[in-house]
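Engineer: Okay, here's the prediction I keep looking at, along with the sequence it came from:
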Amino acid sequence: MRITRYRFPKEMPIRDCYEAWTKDDPDRDPFCEGWTEDELEDEWREHVTNVRTAKKFLRKFGGVAFTEHIDRDGGCFEVTPIEAKGSNKGTAYGVKYNQHL
């Protein structure tokens, strides 16, 4: 299984992180829209997403994106970084998930 994560840069204000994420999300949740900067927590800095969105945010905001590869036992056996340019080989189908078999 693959889990792709994107982290906004630390220097980006948390309100901007929230707005960028919800603007891109078609299922926008207006729950936090009236919150102040102090009420929005650091959990808005990192999101589970797909590689396409992670690359888009990397180009636009910077930050860090990576794919965690999880084996059948639930452990993470490899983390591959995602770059804004290139094919990002190893983030998708080239990884063997049945290493222990």
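Structural biologist: Received the coordinates, thanks. This structure is a prediction, so every number in the text was calculated from the model and none was measured.
Engineer: what bits of this structure have low per-residue confidence?
Structural biologist: Applying pLDDT under 70 to the chain picks out residues 25-40, 42-43, 86-101.
Engineer: Start from the N-terminal end of the chain and give the helices.
Structural biologist: Counting by DSSP state H, one finds helices in the chain at the ranges 14-24, 51-61.
Engineer: so the first one versus helix 51-61, what angle?
Structural biologist: To tie it back to what came earlier, the one meant is helix 14-24. 140 degrees (axes from the mean of the first three to the mean of the last three Cα atoms, to 10 degrees).
Engineer: Now helix 14-24: buried residues?
Structural biologist: 14, 17-18, 20-22 (16 or more other Cβ atoms under 10 Å). The C-beta positions use only the backbone N, C-alpha and C, and glycine is treated the same way.
Engineer: go on, the last one?
Structural biologist: Taking 16+ other Cβ under 10 Å as the neighbour-count basis, helix 51-61 is seen to contain the buried residues 51, 53-58.
Engineer: what about stretch 51-70, start to end distance?
Structural biologist: Start-to-end span of stretch 51-70 (Cα to Cα, to the nearest Å) is 16 Å.
Engineer: same question but for stretch 2-22, I mixed them up
Structural biologist: Termini of stretch 2-22 sit 23 Å apart (Cα to Cα).
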